[in-house]
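Trainee: Dropping a prediction and its sequence here:
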Amino acid sequence: MESVEARGPQLAFPRRPWTGSSGAGGSSGSPGSTGQTQRTTIVGAALRCIARHGISKTTVDDVAGEAGVSRATIYRVFPGGKDAVLAAVSDTEMARLFSAIGVEMGEAEDLTEVLVAGIAGSSRFLEEHQAIGYLLAYEPEVVLRRLAFDACDELLAVATGFVAPYLARWMSMEEARRIAEWGVRIVLSYLVDPAPGIRLSDPVAARHVVETFVLPGVRALRVADPDAPIDLTVAFGPRGGPGAGGRGGTSGAAGTPNGEHRPEQRQKGSL
Amino acid sequence: MRARVLEAAYSCVARWGLAKTTVEDTARCAGVSRATVYRYFPGGRDELIQQVIAWEFTQFFGRLYEEVRDAASLEEVMERGIMLARESLVHHEVFQRVVQTDPDVLLPKITVESSRIRGVIAAFLVPYIRRHGIADGVDEAEAADFLARMVLSYIASPGRWDLTDRTEVRELVRTELLPGIVVGPEPPADEA
């Protein structure tokens, strides 16, 4: 195994010099672009096409035109054609959503804030997402195929796996998974079946839902299992203190900073 | 007559699936003319299918309502309702087949219906919430709506929960569905 540094510069080098010729006119498909940037260009172009015309009407030719590459280039980067491009778009957008809320959740100072950041952030992303907006309005089946019944179970598992570590700073990983799944359900419910006057993208509305319904549930969890390794005064108060666990992604119960915080016992009454 | 047409349409769907059911099939099966079908469903096939789903939804939740309306407490109504609804959904042969064969037709229409049924579930739960005692400062309509949303979410996609296990369902109701909505523990059920 070479070191990472040794491989970095090579990646920036065109692996196949001839790929540039098919990228005439494309901003990122200029000569010298790698397979990876072409991939990114194509995925971005496909997303814009979907936002304008939906999925069923978008063709490989449309995407090629939008990306400024040839049909052949698309099939070379995505041998599976349209379906493969669509799958890549879906993966990319999921990753963008996760990274968008990951930053805010990672910076949150207490459990309320991390829940509000996750719910408001993902709702905002989804509400402002032009392609999802178009699809919900004109091709709802495309979105619902991912969000309904058994498919939703899969989505819940993926999203829960991403969100739970951020919550595990304040509770055990097992509890974090439960609360994470609950939060994802809330976001999906209001996305698919909006309530008049409630927009969870508004942090005030998200905070209201979190404080009214979710936090009492977390407290009930604590009552259900008083031996679980969580300190309520820490869980709901500002995290404070240095080294209280950096960004999310810590490994769960063992990584929670409860031990360090328990002696402080401050912020009483924040429950 | 409307019910007869809907029943006929439902049996067509059960036999041939959603995408292949036409106004003609339905008329033949109901023993009426095409014109009669259009008189009740001027929107034609699309409206007919939406109404069949609405009709079956209503039947489904009607049966559910009969099963849980004698429940003594809010917790019991939630536990029994969720378990029964999930079990009925899993064993609903027509639904299970159609969701595989014609998801693109079914899912948008079922989403419209589920939005309507959410209001029905919320309205059904309000008296139970009131009887139990709503938590301080919580809006009754908002709480009932939130509860109905979550109930529908768990019934459709249980996620990490095993909704065939009464203990788990009780845990779900006690820790995720009711806290925040009602005050403390259930008062003793003095009158049934």
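Mentor: Arrived safely, thanks for sending. None of the values given here were measured: they were computed from a predicted structure.

Trainee: does A:G121 really touch A:M105, like I thought?
Mentor: Yes. Using C-beta atoms under 8 Å, A:G121 is in contact with A:M105, at 7.4 Å. Quick note: C-beta positions are derived from backbone N, CA and C, even for glycine.

Trainee: how about stretch A:216-223: buried residues?
Mentor: For stretch A:216-223, a neighbour-count test (16 or more other C-beta atoms under 10 Å in any protein chain shown) marks A:P216, A:G217, A:V218, A:R219, A:A220, A:L221, A:R222 as buried.

Trainee: Any chance of those in JSON lines with secondary structure and pLDDT as columns?
Mentor: Output for the buried residues of stretch A:216-223, formatted as JSON lines (DSSP: H, G, I helix; E, B strand; the rest coil; pLDDT from 0 to 100):
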{"residue": "A:P216", "secondary structure": "helix", "pLDDT": "94"}
{"residue": "A:G217", "secondary structure": "helix", "pLDDT": "93"}
{"residue": "A:V218", "secondary structure": "helix", "pLDDT": "93"}
{"residue": "A:R219", "secondary structure": "helix", "pLDDT": "90"}
{"residue": "A:A220", "secondary structure": "helix", "pLDDT": "89"}
{"residue": "A:L221", "secondary structure": "helix", "pLDDT": "86"}
{"residue": "A:R222", "secondary structure": "helix", "pLDDT": "79"}
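
Trainee: re earlier: would you mind telling me which of A:G121 and A:M105 has more residues around it?
Mentor: Applying other C-beta atoms under 10 Å in any protein chain shown to A:G121 and A:M105 shows that A:M105 carries more neighbours, namely 25 against 22.

Trainee: Quick check, that one in contact with A:A120.
Mentor: No. Taking C-beta under 8 Å as the definition, A:M105 is not a contact partner of A:A120, at 10.5 Å.

Trainee: residues from chain A in reach of chain B?
Mentor: Contacts of chain A with chain B, taken as C-beta under 8 Å from any C-beta of the partner chain, map to A:140-141, A:144-145, A:148-150, A:152-153, A:156-157, A:160, A:177-178, A:181-182, A:185-186, A:188-190, A:192-193, A:195, A:209, A:212-217, A:219-221, A:224.

Trainee: Give me the residue ranges of the chain where confidence is low.
Mentor: Let's take chain A. A:1-34, A:224-271 (pLDDT under 70).

Trainee: my question was about chain B
Mentor: Using pLDDT under 70, the flagged stretches of chain B are B:184-192.

Trainee: Which positions in chain B make contact with chain A?
Mentor: Residues of chain B lying near chain A by C-beta under 8 Å from any C-beta: B:99, B:103-105, B:107-108, B:110-111, B:114-115, B:118, B:135, B:138, B:142-143, B:145-146, B:149-150, B:152-154, B:156-160, B:171, B:174-176, B:178-181.

Trainee: Are any of the residues you listed buried, and if so which?
Mentor: With burial judged by 16+ other C-beta under 10 Å, the buried subset of the residues of chain B next to chain A is B:99, B:103, B:105, B:107-108, B:110-111, B:114, B:118, B:135, B:138, B:142-143, B:145-146, B:149-150, B:152-154, B:156-159, B:171, B:174-176, B:178-181.

Trainee: wait, isn't A:V214 in contact with A:V114?
Mentor: No. Using C-beta under 8 Å, A:V214 makes no contact with A:V114, being 11.0 Å away.

Trainee: Have a look at the two and say which one is more surrounded.
Mentor: Neighbour tally, A:V214 and A:V114, criterion other C-beta under 10 Å: the higher count belongs to A:V114, 26 against 23.

Trainee: what sits up against stretch A:107-124?
Mentor: A:97, A:100-101, A:104-105, A:163, A:166-167, A:169-171, A:179, A:183, A:186-187, A:190-191, A:199-203, A:205-207, A:209-211, A:214-215, A:218, A:235-240 (C-beta atoms under 8 Å, 6 or more residues apart in numbering or on different chains).
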